[in-house]
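Novice: quick one: sequence and predicted model below, then my questions.
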Amino acid sequence: MNLVFARVDNNPYLCTNQSCAAIIPNPRKRKSVLIALIIAPVVGAIIIVAVLLLIIWHRKKKRQGGARASNPFESRRFKYKELRVITDDFRNVIGKGGFGLVYSGKLDGTPVAVKMRSQTSLQGNAEFLAEARHLAKVHHKNLVTLIGYCKDRKHLGLVYEYMDGGNLENYLKGNEADHAELHLTWIQRLKIALDSAYGLEYLHRSCNPPLIHRDVKTQNILLTSKMEAKIADFGLTRAFSSETRTHTTTRPAGTLGYLDPEYYNTSHLSEKSDVFSFGVVLLVLVTGRPAIVTVNGTERAHLAHWVRGRLSQGDIDNVTDPRIRGDCDVNSVWMVTELALRCTEQAGKDRPTMSEVAEGLRESLQLETDSHSRRRTASVGSALTETESVIGALESEHIEETLPR
């Protein structure tokens, strides 16, 4: 018989009945370790995703062109008696529109403008509250901030930031009392146009659904003391009317001369309706004339038709505001005039978008800025040459006087 002997002593991987209990792990402990190994990576992944989402959100907020920090008065609802206190019992009227009077006031020391709905305008109570809350959340540096609203029984009102520079219409008419001696240069007009275009572009592209102004005109472009422009009264037609949220209306809203003819004829509203109105604003900036002009003393014509007729002669000076003529780049004026005429095409499909309008205005402003710098340099050089000539003449005269005779 062949016997095989196996030694088990000094073998660390073998155990006797007495020692195995110490080596084999506790099942509960092993389960806890397994759970920890599974949970740790999951928690880590969740933290990483959260950090990435936070970074993406932060970058998105920074990219929102011109979007402002939240206003401390944002979406505030006022009682009618509060508005009476703010406006000192509606003492100072600073404007009047189709929906009612506008009053100046102070809210916690901050100047504000309070627009109250007149009793003759459409009620719109059903939609006013929702629309006002929606408008109070729309923020852009080129839009007048809606601070809050009032819906107190029969009283409907909106509270806006106060714009201390007046409106564009008054400047072009020369009626702004505090600035009557000033007139807008071409470069100032271009900057105002570009600011306004940015505001409308934001309403059309960044609001969901797109917000159509419906009443773009020089009177609704307000200015700061630094001549920065902001669009006012956006969404006001809907806030103070009983219309539902549709782009088809039964009563076209707008101002004579600025109203889109396609919208007037079909009652179908679109972003291109604002584009038409803004094109008229551009023509007013170029010509210094109102949207409806008087021809031959009696006949009235739309400004776009009048400009097209004058430009057929090929001379931009025929339409340029005399107050800026001679101190502007002709090519820049041509560019804006052609852009304005594209905006005022009869069919909406033939008009550019507000993004395209803003791009055209940027190019025109750059052209005028470069030309303005060259004109200033040439003017300084001419003045120096003239000064040197005068000094030279005086020196020659002095030398002649000192010479012996």
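Specialist: Noted; the coordinates are in hand.
Novice: where exactly do the helices run in the stretch 301-405 of the chain?
Specialist: Counting by DSSP state H, counting those that start in this stretch, residue ranges of the helices within the stretch 301-405 of the chain are 303-311, 330-343, 354-402.
Novice: now the weakest link among the ones you listed, please, by mean pLDDT.
Specialist: Per-segment mean pLDDT for those reaches its minimum on helix 354-402, at a mean of 77.
Novice: Ala304 touches Gly279, doesn't it?
Specialist: Yes. Ala304 lies in contact with Gly279 (CB atoms under 8 Å); the separation is 7.3 Å. C-beta here means a position set from N, CA and C on the backbone, and glycine is covered the same way.
Novice: find the residues that touch each one of those two.
Specialist: By CB atoms under 8 Å, 6 or more residues apart in numbering, Ala304 and Gly279 have these common neighbours: Ala340, Leu341, Thr344.
Novice: list the contacts for the second one?
Specialist: Contact analysis of Leu341 by CB under 8 Å, 6+ apart lists Gly279, Leu283, Ala304, Val307, Arg308, Leu311.
Novice: which of the helices or strands spans Arg300?
Specialist: Element membership for Arg300, per DSSP states H and E: strand 299-302.
Novice: avg pLDDT for that strand?
Specialist: Strand 299-302 comes out at a mean pLDDT of 94.
Novice: that one - contacts with which helices or strands?
Specialist: strand 292-295 (3 or more CB pairs under 8 Å, 6 or more residues apart in numbering; DSSP states H and E).
Novice: can I get the strand it packs on in PDB, CA atoms only?
Specialist: Extracted in PDB, the C-alpha atoms of strand 292-295 (Å, rounded to 0.1, in the frame of the first residue of the first chain):
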ATOM      1  CA  ILE A 292     -46.700 111.300 -42.400                       C
ATOM      2  CA  VAL A 293     -45.300 114.200 -44.400                       C
ATOM      3  CA  THR A 294     -47.100 117.000 -46.200                       C
ATOM      4  CA  VAL A 295     -46.200 117.400 -49.800                       C
END
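Novice: of Ala304 and Gly279, who's got more company?
Specialist: Gly279 (25 against 20; other CB atoms under 10 Å).
Novice: so that one touches Arg351, yeah?
Specialist: Yes. Under the criterion of CB under 8 Å, Gly279 makes contact with Arg351 at 7.4 Å.
Novice: next, show the common contact partners of those two.
Specialist: Arg342, Cys343, Thr344.
Novice: element containing the closest residue to the second one other than its chain neighbours, please.
Specialist: Think Cys343. Distance criterion CB to CB, 6 or more residues apart in numbering; nearest residue to Cys343, sequence neighbours excluded, is Gly279 at 2.5 Å. Counting by DSSP H and E, the element that carries Gly279 is helix 271-287.
Novice: got the angle for that helix vs helix 330-343?
Specialist: Relative orientation of helix 271-287 versus helix 330-343 (axes from the mean of the first three to the mean of the last three CA atoms, to 10 degrees): 150 degrees.
Novice: how far off centre is helix 271-287?
Specialist: Counting by CA atoms, centre = their mean, to the nearest Å, helix 271-287 is centred 15 Å from the centre of its parent chain.
Novice: run through the stretch 201-350 of the chain and note the low-pLDDT ranges.
Specialist: By pLDDT under 70, the weakly predicted segments of the stretch 201-350 of the chain are 237-252.
Novice: ok, residues contacting the strand holding Arg300?
Specialist: Gly257, Ala291, Ile292, Val293, Thr294, Val295.
Novice: neighbours around the fifth one, how many?
Specialist: Which is Thr294. Counted by other CB under 10 Å, the residues lying close to Thr294 total 12.
Novice: and it, what does it touch?
Specialist: By CB under 8 Å, 6+ apart, Thr294 lies in contact with Arg300.
Novice: now do the strands in this protein.
Specialist: Per DSSP state E, the chain carries strands over the ranges 76-78, 93-97, 100-107, 110-116, 146-152, 155-161, 221-223, 229-231, 292-295, 299-302.
Novice: show me the strands paired with the strand holding Arg300, marking each as parallel or antiparallel.
Specialist: strand 292-295 (antiparallel) (DSSP bridges).
Novice: how far out from the middle of the chain is the strand it pairs with?
Specialist: What separates the centre of strand 292-295 from the centre of its chain is 31 Å, taken as CA atoms, centre = their mean.
Novice: ok, Val138 to Asp260 distance?
Specialist: Applying CB to CB, to the nearest Å, the value for Val138 to Asp260 is 22 Å.
Novice: neighbour count for the two, which is higher?
Specialist: Ranked by neighbour count (other CB under 10 Å), Val138 and Asp260 place Asp260 first, with 27 against 17.
Novice: Ser267 is in contact with that one, correct?
Specialist: No. Assessed by CB under 8 Å, Asp260 is found out of contact with Ser267, at 10.9 Å.
Novice: how about Leu158: what's its closest non-neighbour residue?
Specialist: Sequence neighbours aside, Lys115 is the residue nearest to Leu158 in space, at 4.8 Å (criterion: CB to CB, 6+ apart).
Novice: quick check: beta-bridge partners of the one you found?
Specialist: For Lys115, the beta-bridge partners under DSSP bridges are Val102, Leu158.
Novice: pretty sure it is touching Leu156, no?
Specialist: No. In this structure Lys115 lies outside contact range of Leu156 using CB under 8 Å: 9.5 Å.
Novice: ok, Val42 - how many residues close by?
Specialist: For Val42, the neighbour count with other CB under 10 Å is 9.
Novice: relative to Ile35, how far out is it?
Specialist: 11 Å.
Novice: same question for Ala358.
Specialist: On the measure of CB to CB, Ala358 and Ile35 end up 58 Å apart.
Novice: which of the two has more neighbours?
Specialist: Using other CB under 10 Å, the more surrounded residue of Ala358 and Ile35 is Ala358, with 20 against 10.
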